[in-house]
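[1] Just to be clear, the model below is a prediction. Sequence and coordinates:
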Amino acid sequence: KCAGLRVLNSYWINQDSTYKYFEVIMIDPHHTAIRKDPRINWICKPVMKHRELRGLTSAGRKYRGLRQKGHKGTKMRGSARATWKRNNTLSL
């Protein structure tokens, strides 16, 4: 159990016929070294809770289709559900 930790990033490692395996990097936001370091102390803010549930890690962004840049990604921005609805709704 890692109750007090926050997810910094996650990425795909391996998969078999049943499971996908991801590596998850977790940080203790209450640690003094983390709070003092200006490069990483953004994760101590309350708005950064549950980043993994909102798809804000590397693996989550890939799953949501947000790795595309430029003209390839213009129809994927917003949300995947909104994009699907926009592409599959017939307007008369």
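    Done, it's in. Numbering: from 1, shown residues only.
[2] Every contact and neighbour count from this point should use C-alpha atoms.
    Noted.
[3] quick one, longest strand in this protein?
    strand 6-15 (DSSP state E).
[4] Extract the C-alpha set from that strand and format it as CSV.
    This file holds the C-alpha atoms of strand 6-15, laid out as CSV (Å, rounded to 0.1, in the frame of the first residue of the first chain):
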residue,chain,number,x,y,z
ARG,A,6,1.6,10.4,-5.7
VAL,A,7,2.2,9.1,-9.2
LEU,A,8,4.8,11.0,-11.1
ASN,A,9,4.8,9.0,-14.3
SER,A,10,4.0,5.5,-15.6
TYR,A,11,5.0,3.7,-18.8
TRP,A,12,4.5,0.4,-20.5
ILE,A,13,7.1,-2.3,-19.8
ASN,A,14,5.8,-5.6,-21.2
GLN,A,15,2.7,-7.7,-21.9
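[5] what are the ranges of the helices in this protein?
    Applying DSSP state H to the chain gives helices spanning 32-36, 58-63, 80-88.
[6] re earlier: flag every buried residue along the longest strand of the chain.
    Arg6, Val7, Leu8, Asn9, Ser10 (16 or more other CA atoms under 10 Å).
[7] do the same with stretch 64-80
    In stretch 64-80, counting by 16+ other CA under 10 Å, buried: Leu66, Met76.
[8] Just the terminal-to-terminal distance for it.
    6 Å (CA to CA, to the nearest Å).
[9] Return the distance of that stretch from the chain's centre.
    14 Å (CA atoms, centre = their mean, to the nearest Å).
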